[in-house]
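K.L.:
what shape does this take:
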Amino acid sequence: MKNVAWVFLLLLPCSVFADELRLFTTDGCSAFPDGTSEQRSLWAECCIRHDLAYWMGGTSDERKQADQELKVCVAQVGEPDIAKLMLAGVRVGGHPYWPTPFRWGYGWPYPRSYGLLSESEKQQVKDRLKDFKLLVDTLSEEQK
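P.N.:
Numbering: from 1, shown residues only. Prediction:
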């Protein structure tokens, strides 16, 4: 019985503390070009928005929505065929079980499955986004 109590006490901290969300990062369109040879960042903004959704993760329905929004965004910049190709790529390559830096929920420690974010996780997302905005604002001021 003593051994069971020690195991319980050792595992307790693992269940008490939520996983920590890393700072937001983006690599644009990951292994895909960010645009055409003439317009090198034509759909890069679409990919960055998509990365934001993938970074925070969530349910499988939220992933489907994020992937559809990527497709619509790329189509709206005038590349509907590229949009279809990108949708196929993210549906296959963005699964949360792949140990890649661009998987669904990549801001959280691996492995992480689909699921609603808890209130504390939502707060972490808000806090990290504030940190990111502060960094961007600081860098923008330095460029003036």
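K.L.:
for R22, what are its contacts?
P.N.:
Shown in contact with R22 (Cβ atoms under 8 Å, 6 or more residues apart in numbering): 107-108, 128. Glycine gets a C-beta too; all of them are placed from N, C-alpha and C.
K.L.:
so is it in a helix, a strand, or just coil?
P.N.:
With DSSP: H, G, I helix; E, B strand; the rest coil as the basis, R22 sits in coil.
K.L.:
distance of it from M56?
P.N.:
Here the distance between R22 and M56 works out to 11 Å (Cβ to Cβ, to the nearest Å).
K.L.:
list residues touching both of these two?
P.N.:
Residues touching both R22 and M56 (Cβ under 8 Å, 6+ apart) are G107.
K.L.:
mind listing what's buried in the helix or strand that R128 is a member of?
P.N.:
Taking DSSP states H and E as the criterion, R128 maps to helix 119-143. Residues of helix 119-143 classed as buried by neighbour count (16 or more other Cβ atoms under 10 Å): 121, 124-125, 128-129, 132.
K.L.:
got CSV for those residues, with distance to G94 and pLDDT too?
P.N.:
Shown next, in CSV, are the buried residues of helix 119-143 (distance: Cβ to Cβ, whole Å; pLDDT from 0 to 100):
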residue, distance to G94, pLDDT
E121, 19, 97
Q124, 21, 98
V125, 18, 98
R128, 20, 96
L129, 21, 96
F132, 21, 91
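K.L.:
all set now, cheers.
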